[in-house]
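**Q** Sharing a model prediction with you, sequence too.
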4 protein chains.
Amino acid sequence: MIRFNCDYSEGAHEKVLEKLIATNREQTQGYGMDSYSMQAKGLIRQICGRGDADVHFLVGGTQANLTVISAGLRPHQGVIAAETGHINVHETGAIEACGHKILAFPSKDGKLSAKQVEECCLAHREDMDREHTVQPKMVYISQSTELGTIYGKEELEEISAVCRKNGLFLFMDGARLGYALAASDNTLTFQDLARLCDVFYIGGTKVGALFGEAVVITHPSLKEDFRYFIKQKGGMLAKGRLLGLQFMALFEDDLYMEISRYADGLAEQLREAFHQAGISFLVENTTNQLFPILPDSVLELWKEKYSFSYQQRVDESHSAVRFCTSWATRQKDVDCLMEDIRNWKDADGKI
Amino acid sequence: MIRFNCDYSEGAHEKVLEKLIATNREQTQGYGMDSYSMQAKGLIRQICGRGDADVHFLVGGTQANLTVISAGLRPHQGVIAAETGHINVHETGAIEACGHKILAFPSKDGKLSAKQVEECCLAHREDMDREHTVQPKMVYISQSTELGTIYGKEELEEISAVCRKNGLFLFMDGARLGYALAASDNTLTFQDLARLCDVFYIGGTKVGALFGEAVVITHPSLKEDFRYFIKQKGGMLAKGRLLGLQFMALFEDDLYMEISRYADGLAEQLREAFHQAGISFLVENTTNQLFPILPDSVLELWKEKYSFSYQQRVDESHSAVRFCTSWATRQKDVDCLMEDIRNWKDADGKI
Amino acid sequence: MIRFNCDYSEGAHEKVLEKLIATNREQTQGYGMDSYSMQAKGLIRQICGRGDADVHFLVGGTQANLTVISAGLRPHQGVIAAETGHINVHETGAIEACGHKILAFPSKDGKLSAKQVEECCLAHREDMDREHTVQPKMVYISQSTELGTIYGKEELEEISAVCRKNGLFLFMDGARLGYALAASDNTLTFQDLARLCDVFYIGGTKVGALFGEAVVITHPSLKEDFRYFIKQKGGMLAKGRLLGLQFMALFEDDLYMEISRYADGLAEQLREAFHQAGISFLVENTTNQLFPILPDSVLELWKEKYSFSYQQRVDESHSAVRFCTSWATRQKDVDCLMEDIRNWKDADGKI
Amino acid sequence: MIRFNCDYSEGAHEKVLEKLIATNREQTQGYGMDSYSMQAKGLIRQICGRGDADVHFLVGGTQANLTVISAGLRPHQGVIAAETGHINVHETGAIEACGHKILAFPSKDGKLSAKQVEECCLAHREDMDREHTVQPKMVYISQSTELGTIYGKEELEEISAVCRKNGLFLFMDGARLGYALAASDNTLTFQDLARLCDVFYIGGTKVGALFGEAVVITHPSLKEDFRYFIKQKGGMLAKGRLLGLQFMALFEDDLYMEISRYADGLAEQLREAFHQAGISFLVENTTNQLFPILPDSVLELWKEKYSFSYQQRVDESHSAVRFCTSWATRQKDVDCLMEDIRNWKDADGKI
């Protein structure tokens, strides 16, 4: 079985693992107060060009989302998100369990627009009985999105401007941030993110680490007492250095971007193969996730050999599925799948 | 600096690490549905003598506590605990953040008594306006406790009986379970715990793993939908196999108990040394935590060389502090400290 | 200013007030344990044909909604509702503040369909990773809805059947229940509601009382410990008899239905007048709320004389607004408005 | 049966009721935006000497407590209270259900001391791992307390000073505020409360109203968005004028203080009668609650004729019970009880 269903099927990049092995019997202070965590935070501040940013390491994405949102909102406030947003569909109501409504807006490509944010704020402000409705206070976006698309610099500038104008925090879920920044059409840098967002995180779990997300906070109000929230939500790792060490490995020598580019490159090969086979996509994108629309008969055949995620039915005989590459995907597995794409096309003559 | 302040200063036991290294590039299913996690669960079911138990792996103790308690209680129900209980003092209100009151009772040695539980239930049942008060529904105990003491078989039988009589769930926090079961005066087995508790966990973070707690659920009502809670609370590790692999290593070949006995043995050496130096303890115990009462002047001297935890002031010139050993503590570091205990005694003539 | 903006502009029906006055200096037990509350509960059980039903009196609708939903759901469970549902739009996130996601579905007329409920359950059941999503466990519907429409007997039978098949609780918000049951095309009785719902409430605030909603619970699991929830959520009125007395007045001698029919009759007069003036409605209905689509110029004129609620913009020059009648609306005020409808039509010649 | 068990056995003072009757059919805006509510707020601002105070009317005490505390705290923050505090014992975990821990301190007379607050803050500030513990951010006190005692001006000045020094909000639960301010040894004024507290409420439910508590907020941070919290917690009364009207009646012509003095006077008569009979009290106080320690045999006799609250067992044959007077207590009922106190004493010769 060759797994293309997600980008967390393997362990960690060898350089990450080596750091853990090399330091294994060292004694350090707990809860992320060790020197490795400090060094890792320094590297991240540097790459973001923000010496004033607070950096915190958390174990996973849902944990990062609920901790940030819980820390940022008062009970009557909600978070604006695309309907497809991870917090809205795949976190078992984690945000609502912290007491907050997600103000979800329709999206075809996984992205939220500045216009949607603006309209939401306007509608709330003009409501005579606005205290009967949830007050929008934060915007949640994912980069890359759950559909593999990315926000460009201009789009992010617009969203950021609307947020600042309306006093909303802008929060970017970067579980797949590497694959977004490494995309061929990317126009954003870490510095841009630090400048335009109030808080965002750099995903490690899906980009070379065993686990770990680095939360970067630039807005002063969000910084206050953040460690209390990490502890309260069960996210404070006793051996916090494990997180620091992994991010050190990822952010020394550009490893994070290097392995992200590698994964995006493999995805591009697959995308090209599908295109040549005349296959269309549920959504066009340039990152490590692909959503081809394939005949159910082919999916039936392939599922013995490959694992992929089912996305949605498109018509009676076709479904959209998700194939992912990652830092750990092997070229030979991609070759194998490309061969099957070509062969199937040859044999079948049509899709 | 030699660290005795806690039992999570190092990484993982080598056998644990080896498993992670050996499987690093393997592809497995995510979220703990992989074969390693299944194997580890099987080992734990076996050692507990309960083929029907549900086993779930979580990353840390606070996470395990809040997930279990949130899953077990309805909103108007509370959990009975000793005032010293970890959930009551060192989790930043994690349980309250899930909506539940902790019904805390005084304890000098970290233990809760069957009598206290019984009285709490009785008072609630007899209250004419009982719907104005929180309904007790769960009992939380730690084994070993936050003061290093342990419940004996008879005590646990009594607490369990009171719980069953009153319809309460009995939940044991086993963050340091290995050190409890390895204690010289321990009278309990894993099978006993599985029989007497409704849910408990086997701590890995402090006993040989990089991180990880294995939650064992025997009560049918607590089993239902438990994975939803793990996900909602941010505790579902994407690469869940990392937890499975570590517990495989710990529960193959009795490693878990072997390293626990080692740590308790070192603590016994220190305990003996302190005793011989005429030093008394805040509380008498037999596990890997020691709470000697020491002159502030000595603590001042030692703190350059050793790290230890401050517990509480005892009188004007003495404080109780905590020294911990662990699976990773080196004999030579214990020897060094014992030497200092003896030397200081010799030099000073008194405490 | 003549108020048609809502159905809670006045105090209480005189028969309700008289009961409060007559008993004012009597001493009774607190918290709804008095004999008047008992009598009122008896009357409601009788009219519902369910001697086994639990009846609880709460002060208001949002309080009733959040108390019922909090009592019925475990933390990972959500409540299905129409997007227009009061809990989804006008309760400042009260349900989310209790930790639960509202699974909202599109609705043009304020109603939810059995098919929508069925599809939601099916999608959840078939989801491989269903523990990553909120589990549907309750259905919330309003009768009449926020758009003044009502469910017929067949519709409610279908929804109830789907709920029972899928193990969901069916909860009906009856803040305007009187106006629904008194509608000319109503096909439901209190007995039907008690048979088809698991819990519903009979609104008093908008139907003759100063305040008060009578929650009727027929499902055994929802009955358990319900008073704890009332207290915890701040809904237990010290002088609970005030609620009991009001519902006694409303349910002796059919007063509740009598005044509801009166209000619906007035609404019918206005509806007819609008129709004759060639005005169309945002939604067709038969209860005490009307949603005519009117020229902005007319609204501008009228707003000096009448108060009404703004609903939504329909086109550049027209808006839908809401006019409500109630048990307290005076015929002469309705006549006055009808006169203005006719006059304006005459003068203007068109809309 | 003569009820002395609580101070909410009757309806409302006639002047309160008259206002409701007189305005019953008037149409006003909903949700407390009517002119009566505005007038009542004006009266309260005036009596507090704080034109800048925000005043909000809520239905009951638990609702007021949970709304204020939820509005004032971030999730990792807790509220300091006496162990006997209403929020700690008689609100079914309402505060915890909003996510907050109550940091409860021992109290024999129902009061919290400035010293206890200071020590709590100090302990937190000095804790190296303070983010592992709940951050104290508010102090909750009751005036009069649950044991009928009152804070004097000096005590309140001290507590207020400690709060301001440590950045804590001071919140006073005034469910029985009238009976405190009317006590013979009272040293505080409404102006003092407005100056020394950040938020407090003036209880109406127990002091002449059918229901209602007037929350007075002087601290700017607590004012922000408070109405959202009222709505979210289910406390926004549709016919909000009912609250405004009642407080108008209470605060025109000094009615509130007049009826409070009346109740305290009756309590004083009973207190004197008990004293003369040689009976001691669980706690000495000067307000409308009395806690005599009586022989169980007498209680057994009396319970057919009087209702009173059981407080606690004192020794094998004696219990402390609670007798309350209120604005509605009749002199003849007090006379009757005094007669019984004297007679029983005469007959028995001893207690």
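**A** Structure's in. What do you need? Residues are numbered from 1 along each chain as shown, chains lettered A, B, ... in the order given.
**Q** quick one: low-confidence ranges for chain A?
**A** Low-confidence segments of chain A, defined by pLDDT under 70, are located at A:345-351.
**Q** which residue ranges form the strands in it?
**A** Assigned by DSSP state E, chain A shows strands spanning A:2-3, A:54-58, A:77-82, A:102-105, A:135-142, A:169-173, A:199-203, A:213-217, A:289-290, A:293-295, A:306-307, A:309-315, A:318-324.
**Q** For D:V89, which of those strands is the nearest?
**A** strand A:77-82 (31.0 Å; CB to CB). Where you see a C-beta, it was placed from the backbone N, CA and C, and this is true even at glycine.
**Q** ok, residues contacting that closest one?
**A** By CB atoms under 8 Å, 6 or more residues apart in numbering or on different chains, the list of residues contacting strand A:77-82 from outside reads A:69, A:73, A:87-88, A:95, A:100-107, A:110-112, A:116-117, A:120, A:134-142, A:145, A:168, A:171, C:93, C:96.
**Q** rerun at 6 Å
**A** Contacts of strand A:77-82 with the rest of the structure, by CB atoms under 6 Å, 6 or more residues apart in numbering or on different chains, involve A:69, A:87-88, A:100-104, A:107, A:112, A:117, A:120, A:134-140.
**Q** In the sheet, which strands lie alongside it, parallel or antiparallel?
**A** Strand pairing for strand A:77-82, determined by DSSP bridges: strand A:102-105 (parallel), strand A:135-142 (parallel).
**Q** and among the ones you listed, the most buried is which?
**A** Among these, judged by mean count of other CB atoms under 10 Å in any protein chain shown, the one packed with the most neighbours on average is strand A:135-142 (a mean of 25).
**Q** Tell me what angle it forms with strand A:169-173.
**A** Here the directions of strand A:135-142 and strand A:169-173 differ by 30 degrees (axes from the mean of the first three to the mean of the last three CA atoms, to 10 degrees).
**Q** And the spatially most central residue of chain A, how far from C:Q143?
**A** To find the centre residue of chain A, average its C-alpha atoms and take the closest one (CA atoms, centre = their mean): that gives A:A175, at 2.6 Å. Taken as CB to CB, to the nearest Å, the spacing of A:A175 relative to C:Q143 amounts to 43 Å.
**Q** same question, A:I150
**A** Summarising the geometry, the distance separating A:I150 from C:Q143, computed by CB to CB, is 46 Å.
**Q** ok, now A:K332?
**A** Noted for A:K332: a distance of 62 Å to C:Q143, by CB to CB.
**Q** Compare the two (neighbour count), which wins?
**A** For A:K332 against C:Q143, the residue with the higher neighbour count under other CB atoms under 10 Å in any protein chain shown is C:Q143, and the figures read 25 against 9.
**Q** If we ignore the residues flanking it in sequence, what's nearest that one?
**A** Taking CB to CB, 6 or more residues apart in numbering or on different chains as the measure, C:Q143 lies nearest to C:A180, with 4.6 Å between them; neighbours along the chain are not counted.
**Q** So which bits of chain A are right by chain D?
**A** Counting by CB under 6 Å from any CB of the partner chain, the residues of chain A lying close to chain D are A:S70, A:P75, A:H76, A:E131, A:H132, A:R227, A:Y228, A:F229, A:K231, A:Q232.
**Q** ok, for the residue of the stretch 101-250 of chain A found nearest chain B, nearest residue in space, not its chain neighbours?
**A** Relative to chain B, the nearest point of the stretch 101-250 of chain A is A:G234 (3.3 Å; CB to the nearest CB). Nearest-residue entry for A:G234: B:Q63, 3.3 Å, with adjacent residues in sequence omitted and distances by CB to CB, 6+ apart.
**Q** Report how many residues lie close to that neighbour.
**A** The tally of other residues near B:Q63 (other CB under 10 Å) stands at 26.
**Q** quick one: it from B:L193, how far?
**A** In this structure, B:Q63 and B:L193 are separated by 20 Å, where distance is defined by CB to CB.
**Q** Kindly list the longest helix within chain A.
**A** Longest helix in chain A by number of residues (criterion: DSSP state H): helix A:255-276.
**Q** List the buried residues in it.
**A** Counting neighbours by 16 or more other CB atoms under 10 Å in any protein chain shown, one finds that the buried residues in helix A:255-276 are A:255-257, A:259-268, A:270-271, A:273-274.
**Q** just the angle between that helix and strand A:318-324, please?
**A** Note on geometry: by the same axes, to 10 degrees, helix A:255-276 and strand A:318-324 are set 150 degrees apart in direction.
**Q** angle of helix A:255-276 against strand A:213-217?
**A** Using the same axes, to 10 degrees: helix A:255-276 against strand A:213-217 is 110 degrees.
**Q** quick one: helix A:255-276 near chain B?
**A** No - with CB under 6 Å from any CB as the threshold, helix A:255-276 lies outside contact range of chain B, at a closest distance of 13.5 Å.
**Q** Can you name every helix or strand that that helix contacts?
**A** Applying 3 or more CB pairs under 6 Å, 6 or more residues apart in numbering or on different chains; DSSP states H and E, we find helix A:255-276 packed against helix A:177-181, strand A:289-290, helix A:331-348.
**Q** Can you say which of these is packed in most?
**A** Among those, judged by mean count of other CB under 10 Å, the one packed with the most neighbours on average is helix A:177-181 (a mean of 29).
**Q** Now find how far off-centre that helix is within its chain.
**A** 8 Å (CA atoms, centre = their mean, to the nearest Å).
**Q** Quick one: list the elements packing against it.
**A** Under the contact criterion of 3+ CB pairs under 6 Å, 6+ apart, the helices and strands touching helix A:177-181 comprise helix A:255-276.
**Q** and chain A, which residues reach chain B?
**A** If contacts are counted using CB under 6 Å from any CB, the residues of chain A sitting beside chain B are A:3, A:6, A:8-11, A:24-25, A:27, A:30, A:59, A:62-63, A:66, A:92-94, A:97, A:205, A:210, A:228, A:231-232, A:234, A:238-239, A:242.
**Q** Which among the residues you listed count as buried?
**A** The neighbour-count test (16+ other CB under 10 Å) marks A:3, A:6, A:8-11, A:24, A:27, A:30, A:59, A:62-63, A:66, A:92-94, A:97, A:205, A:210, A:228, A:231-232, A:234, A:238-239, A:242 as buried among the residues of chain A next to chain B.
**Q** Now, the residues of chain A next to chain B that are in helices?
**A** With helices defined by DSSP H, the entries of the residues of chain A next to chain B inside them are A:T62, A:Q63, A:L66, A:A94, A:A97, A:Y228, A:K231, A:Q232, A:L242.
**Q** Is it correct that the first one is in contact with A:G93?
**A** If I follow you right, that is A:T62. No - in this structure, A:T62 sits apart from A:G93 without contact. The criterion is CB atoms under 6 Å, and the distance is 10.7 Å.
**Q** Please verify my assumption that A:G244 contacts A:K41.
**A** No - under the criterion of CB under 6 Å, A:G244 makes no contact with A:K41, lying 7.5 Å away.
**Q** any common contacting residues for those two?
**A** With contacts defined as CB under 6 Å, 6+ apart, no residue is shared by A:G244 and A:K41.
**Q** Show me what from the stretch 101-250 of chain A comes close to chain C.
**A** Contact residues of the stretch 101-250 of chain A with respect to chain C, defined by CB under 6 Å from any CB, are listed as A:K101, A:H132, A:V134.
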